[in-house]
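J.: With the input below, show me the fold.
(chains A and B)
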Number of protein chains: 2
Amino acid sequence: MATNSQTPTLPTQSSQTLPTDAKARVGQFMKQLQDQISHGLAELDGVGKFQEDMWERPEGGGGRSRVLREGAIFEQAGVGFSEVWGSHLPPSILAQRPEAAGHDFYATGTSMVLHPRNPYVPTVHLNYRYFEAGPVWWFGGGADLTPYYPFAEDAVHFHTTFKHACDAHHPEYYPVFKRWCDEYFYLKHRGETRGIGGLFFDYQDGQGQLYRGPHKDGLAAIYSNQVGTPQPRSWEQLFAFVQECGNAFLPAYVPIVERRHKTEYGDRQRNFQLYRRGRYVEFNLVYDRGTIFGLQTNGRTESILMSLPPLVRWEYGYQPEANSPEAELYETFLKPQDWINWIPSTPKS
Amino acid sequence: MATNSQTPTLPTQSSQTLPTDAKARVGQFMKQLQDQISHGLAELDGVGKFQEDMWERPEGGGGRSRVLREGAIFEQAGVGFSEVWGSHLPPSILAQRPEAAGHDFYATGTSMVLHPRNPYVPTVHLNYRYFEAGPVWWFGGGADLTPYYPFAEDAVHFHTTFKHACDAHHPEYYPVFKRWCDEYFYLKHRGETRGIGGLFFDYQDGQGQLYRGPHKDGLAAIYSNQVGTPQPRSWEQLFAFVQECGNAFLPAYVPIVERRHKTEYGDRQRNFQLYRRGRYVEFNLVYDRGTIFGLQTNGRTESILMSLPPLVRWEYGYQPEANSPEAELYETFLKPQDWINWIPSTPKS
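T.: Have a look, this model is predicted:
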């Protein structure tokens, strides 16, 4: 298991704004965030207990994986912490951060995917991460919600909670990171978002550029004239923002679980949930940056893939029945929406 | 739906060995192979019927997908034919065939994945494909078997059947393509082969080089001194070989199904089958060349992903019980073996 005392000394950072104990402080926060969330979820579940596995990575570092299975509310809940280092970042990251090439790296993060049993309770994902490599450091992460059944009030609550966390730090954080989330958690081959989104950001290095998405036709184009003059942010400011987002997770998610987990359901809802879980698998294995980073850096496979659902269906040619709740999910909830300013349309009976 | 009369005229091939009706003949064969296999499987199943969907690809071409569900033997059987063309191949292929850059392309193929219900019946995959693009053309494909329970005689039968098909064409085909199959259908993040292998080959363009794998430490190194002087093969020779392999599929697989499909099983075997199906999903979404080609060329998603199993489990930290059939699968059948010269060890009771 990685402890902070084992953290290797990396070359001096060129940025003068990086505290000397940066790695130790972020690593400590990520571990504490895992504690806070796993304790909160175990209390919410009431029945399931987290099984903990400590693991070491041969090339440097390790982690602490916690999995709760067959709980009252959670069919599976995986909450991971890791802190790893090595001689070079994998190609998928160097392509985005060429300045890090040829340097040792340090990376720490917390990530989580929850698969509830009741199809009316949404699946949710959280990940926050921090990297240092030679002259560069950056924060990334976010949280996004994947409902199986459409409840606008849940989407509004989730987004509002994270908007408050963002607004305390920068007025552009929520609008930029909300749209980046819609863009990132998008299954191109399905033409669907993964769910109702939330926040996503990456490569936040204090240089003032908020959006660093990969595509010319992505948010960069949309925002190039709107974000205004880049305002550099300090490491301390970014770390404070990431902590606020991490701490906002339980308030964003727990009320939704409490509202939905006693709703009765039958085979139809269960089958639809199992089918939709297939999209989660498709996203995680085809697109997800964290999964690819883990597999490319020879991470612990069981910990990387504990995000995959315990039971999944695929069904060739499935189409939701017209005017059903399943159709409403596709038509409204799997497309980007302005949930903060959501105006309910004609009520559905 | 693509018919041969719609096939566009591509630039004249520089190779003099390419018949003028090459595309029409291969396309016709691939379609007939789909017929042969889907009729054979429907007869074997006795209950399930194939549902057929014709589809068109906006950029050019289309396909014919056939899916049998909830059969007596097959929980799901997907057999696809496609014939597509366009202005440029996707990056994943151009990286291996830079000569094709800037040229129109034509691609046709048949692919299939069968998911039997009884855990004693192996899952099986087949794919044969043909490409033309500017100055280059090539054949690729193969078939591989993924058992859930270990029966050496099934592995020996499957390999022997394909060895006979290979040996009628070239003495090096079986040894090279068998090892390439072990190398290709390998889940690096699990340290496991997908199953007991079979044949795999790609980029067979008649230039004499049999193995064109991607890695310096792959078969190229092993075979560099063993294959001898490259012997050019004509387009006709390669096409005849591919036809022989395609026609060998039913004789390679059907006797295994007939031997196993009435074996009684319980929850233990079913749960293990569902768990192992997860590896099939991991391979197809993380590594499979055909899946990536399909998704990158804006193929029909439902047809590409009809290889995914109808029901799948993931289980964090699963380990087979010592000295069980499940452990034997991991210890012997998920590692490359010389099945042709297999010598049974001490019989297991």
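J.: can you pull out the strands in the stretch 1-150 of chain A?
T.: For the stretch 1-150 of chain A, applying DSSP state E, counting those that start in this stretch gives strands covering A:50-56, A:61-69, A:74-86, A:105-116, A:123-133, A:136-146.
J.: Keeping just the C-alphas, turn the first one into PDB.
T.: As requested, the backbone C-alpha atoms of strand A:50-56 are provided in PDB (Å, rounded to 0.1, in the frame of the first residue of the first chain):
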ATOM      1  CA  PHE A  50     -17.300  -2.500   2.200                       C
ATOM      2  CA  GLN A  51     -14.700  -5.100   1.500                       C
ATOM      3  CA  GLU A  52     -11.300  -3.400   1.400                       C
ATOM      4  CA  ASP A  53      -8.300  -4.500  -0.600                       C
ATOM      5  CA  MET A  54      -4.900  -2.800  -0.400                       C
ATOM      6  CA  TRP A  55      -2.700  -3.300  -3.500                       C
ATOM      7  CA  GLU A  56       0.700  -2.400  -4.700                       C
END
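J.: quick one: contacts of that strand?
T.: Residues outside strand A:50-56 that contact it (CB atoms under 8 Å, 6 or more residues apart in numbering or on different chains): A:1-2, A:38, A:41-42, A:62-69, A:77, A:79, A:300, A:302-303, B:317. For glycine as for every other residue, the C-beta is placed from the backbone atoms N, C-alpha and C.
J.: what's the average pLDDT for that strand?
T.: Per-residue pLDDT values over strand A:50-56 give a mean of 96.
J.: quick one: that strand to strand A:61-69, angle?
T.: For strand A:50-56 and strand A:61-69, the angle between their directions (axes from the mean of the first three to the mean of the last three CA atoms, to 10 degrees) works out to 160 degrees.
J.: which of the residues in strand A:50-56 are buried?
T.: For strand A:50-56, a neighbour-count test (16 or more other CB atoms under 10 Å in any protein chain shown) marks A:Phe50, A:Asp53, A:Trp55 as buried.
J.: I'd like to know how far the last one sits from A:Leu210.
T.: If I follow you right, that is A:Trp55. A:Trp55 sits 34 Å away from A:Leu210, going by CB to CB, to the nearest Å.
J.: Ok, the first one next?
T.: In this structure, A:Phe50 and A:Leu210 are 35 Å apart, going by CB to CB.
J.: With A:Lys23 instead?
T.: Distance, A:Lys23 to A:Leu210, by CB to CB: 24 Å.
J.: re the thing from before, nearest to A:Arg260 among the strands of the stretch 1-150 of chain A would be which one?
T.: strand A:105-116 (8.3 Å; CB to CB).
J.: Which other helices and strands does the closest one contact?
T.: Packed against strand A:105-116 by the contact rule (3 or more CB pairs under 8 Å, 6 or more residues apart in numbering or on different chains; DSSP states H and E) you find helix A:22-45, strand A:74-86, strand A:123-133, helix A:289-296.
J.: how about the ones you listed, which one is nearest chain B?
T.: For the helices and strands packed on strand A:105-116, proximity to chain B was assessed by CB to the nearest CB; helix A:289-296 is nearest, at 4.9 Å.
J.: what does the closest one contact?
T.: Residues beyond helix A:289-296 that count as contacts (CB under 8 Å, 6+ apart) turn out to be A:90-93, A:107, A:109, A:111, A:127, A:129, A:202, A:284-285, A:299-301, A:303-305, A:307, B:188-189, B:286.
J.: Of these, which belong to helices?
T.: A:Pro91, A:Ser92, A:Ile93, A:Asn284, A:Leu285, A:Thr301, A:Ser303, A:Ile304, B:Val286 (DSSP state H).
J.: wait, which of these is closest to A:Lys31?
T.: Comparing the ones in helices among the contacts of helix A:289-296 against A:Lys31 with CB to CB places A:Ser303 closest, at 14.6 Å.
J.: Just give me the neighbour total for the closest one.
T.: By the measure other CB atoms under 10 Å in any protein chain shown, the count of residues near A:Ser303 is 25.
J.: Show the pLDDT at it.
T.: A:Ser303 is assigned 93 on the pLDDT scale.
J.: That one contacts A:Gly80, correct?
T.: Yes: A contact is recorded between A:Ser303 and A:Gly80 when judged using CB atoms under 8 Å, the distance being 5.4 Å.
J.: Find residues that contact each of those two.
T.: Overlap between the neighbourhoods of A:Ser303 and A:Gly80 consists of A:Gly63, A:Ser65, taking contacts as CB under 8 Å, 6+ apart.
J.: any idea which of the buried residues of strand A:50-56 is closest to chain B?
T.: For those, the residue nearest chain B by CB to the nearest CB is A:Asp53; the value is 7.1 Å.
J.: if we can go back for a sec, out of the buried residues of strand A:50-56, who's nearest A:Thr193?
T.: The nearest member of the buried residues of strand A:50-56 to A:Thr193, counting by CB to CB, is A:Phe50 at 29.8 Å.
J.: what's the neighbour count on the closest residue to that closest one other than its chain neighbours?
T.: On the basis of CB to CB, 6 or more residues apart in numbering or on different chains, the spatially nearest residue to A:Phe50 that is not a chain neighbour turns out to be A:Arg66, at 4.2 Å. Residue neighbour count, defined by other CB under 10 Å, stands at 23 for A:Arg66.
J.: returning to what we had before: generate a ChimeraX selection restricted to the buried subset of the contacts of helix A:289-296.
T.: This is the ChimeraX syntax for the buried subset of the contacts of helix A:289-296, where burial follows 16+ other CB under 10 Å:
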select /A:90,93,107,109,111,127,129,202,284,285,299,300,301,303,304,305,307 /B:189,286
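J.: In JSON lines: the strands of the stretch 1-150 of chain A, plus distance to A:Val257.
T.: Written out in JSON lines, the entries for the strands of the stretch 1-150 of chain A read as follows (distance: least, CB to CB, whole Å):
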{"stretch": "strand A:50-56", "distance to A:Val257": "17"}
{"stretch": "strand A:61-69", "distance to A:Val257": "14"}
{"stretch": "strand A:74-86", "distance to A:Val257": "9"}
{"stretch": "strand A:105-116", "distance to A:Val257": "7"}
{"stretch": "strand A:123-133", "distance to A:Val257": "9"}
{"stretch": "strand A:136-146", "distance to A:Val257": "11"}
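J.: What mean pLDDT does stretch A:190-198 get?
T.: On average, the pLDDT along stretch A:190-198 is 97.
J.: Point out where chain A drops to low pLDDT.
T.: Counting by pLDDT under 70, the ranges of chain A that qualify are A:1-16, A:214-230, A:346-349.
J.: Could you measure from A:Trp85 over to B:Arg277?
T.: With CB to CB as the criterion, A:Trp85 and B:Arg277 are 36 Å apart.
J.: who's more crowded, those two?
T.: In this view A:Trp85 and B:Arg277 are compared by other CB under 10 Å, and B:Arg277 has more residues nearby, 24 against 21.
J.: which residues touch the more buried one?
T.: Counting by CB under 8 Å, 6+ apart, B:Arg277 makes contact with B:His115, B:Thr123, B:Pro309, B:Leu311, B:Val312, B:Arg313.
J.: so which of these comes closest to A:Thr193?
T.: Looking at the contacts of B:Arg277 and their distance to A:Thr193, the nearest is B:Val312, at 22.9 Å (CB to CB).
J.: Not counting the helix or strand containing the closest one itself, show me its contacts.
T.: Assigned by DSSP states H and E, B:Val312 falls within strand B:311-313. By CB under 8 Å, 6+ apart, the surrounding residues in contact with strand B:311-313 are A:274, A:281, A:310-314, B:75, B:271, B:274-275, B:277-278, B:280-281.
J.: so how far is that strand from its chain's centroid?
T.: On the basis of CA atoms, centre = their mean, to the nearest Å, the separation between the geometric centre of strand B:311-313 and that of its chain is 21 Å.
J.: Torsion angles phi and psi at the closest residue to A:Leu18 other than its chain neighbours?
T.: In space, not counting the residues next to it along the chain, A:Leu18 is nearest to A:Trp235; the distance is 5.4 Å by CB to CB, 6+ apart. When read as degrees, to the nearest 10, the backbone of A:Trp235 gives phi -60, psi -40.
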